[in-house]
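Asks: quick check, what structure comes out for this input:
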Amino acid sequence: MTPLALGATAPAPVVAPISLGFAVKEGSVAKHPALERVDPDGPCGPVATLRVTAIPDFKPSGPFTTNPAVELNSNGKIVRRWRLPADYTVSALDGDWMLISYAGKSNPLWINAEDKLGMATSEDADFALGGNDGVMVTEACPAGATIPPGAQCLSVRDRPAQMRRIIATAGVCS
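Replies: Coordinates of the predicted model:
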């Protein structure tokens, strides 16, 4: 992917549905037109696999949930939100796009705050799956920050801007 700063292009969009997992809320029955299967014994509880081209807009009363990730400013105020599939972790930032991967080990892809998905290149995959030393470090959350349950704050370097941004997100099974 070409860096997104200064008018560069976004990652190639996901146009053909891909399989992504979403946590099934306790006591819920997984029903969705894009449902492929349900793994009742997922690493953190039941996970429903859906065929999607974007993160679905799940109703709060529905059976599925996403993992929130938020960007915080230095005062702890939320400036941007992403909704991640189950068990996906942050690997990098590139403008409004976040590179994520399944448990930090496989299936990297890009996601933006509008729930659009982008394809990761082989270079992105190498970066997401081990070549990102120093890009992301755990740090204390800003005082007064409201973060998602189970989340920790990460200082993540935005690749083209080479500036650090604070992302609060839960790890796998948090």
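Asks: contact partners of the worst-scoring helix or strand of the chain on mean pLDDT?
Replies: Ranked by mean pLDDT, DSSP states H and E, the weakest helix or strand in the chain is helix 122-128, scoring a mean of 83. Helix 122-128 is contacted from outside by 1, 11, 91-92, 99-101, 104, 108, 110, 120, 135, using Cβ atoms under 8 Å, 6 or more residues apart in numbering. For glycine as for every other residue, the C-beta is placed from the backbone atoms N, C-alpha and C.
Asks: okay, these in TSV with neighbour count next?
Replies: Output for the contacts of helix 122-128, formatted as TSV (neighbours: other Cβ atoms under 10 Å):
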residue	neighbour count
Met1	20
Pro11	22
Ser91	25
Ala92	22
Leu99	25
Ile100	25
Ser101	24
Gly104	19
Pro108	23
Trp110	27
Ala120	23
Val135	20
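Asks: can you redo those as CSV with distance to Thr65 and pLDDT?
Replies: As requested, the contacts of helix 122-128 are exported to CSV (distance: Cβ to Cβ, whole Å; pLDDT from 0 to 100):
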residue, distance to Thr65, pLDDT
Met1, 28, 45
Pro11, 25, 90
Ser91, 21, 88
Ala92, 24, 88
Leu99, 22, 92
Ile100, 16, 93
Ser101, 19, 90
Gly104, 20, 76
Pro108, 22, 91
Trp110, 21, 96
Ala120, 24, 91
Val135, 27, 69
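Asks: list the neighbouring strands of the helix or strand containing Arg80 plus their orientation.
Replies: Using DSSP states H and E, the element containing Arg80 is strand 78-84. Note on strand 78-84: by DSSP bridges, its sheet partners are strand 67-72 (antiparallel).
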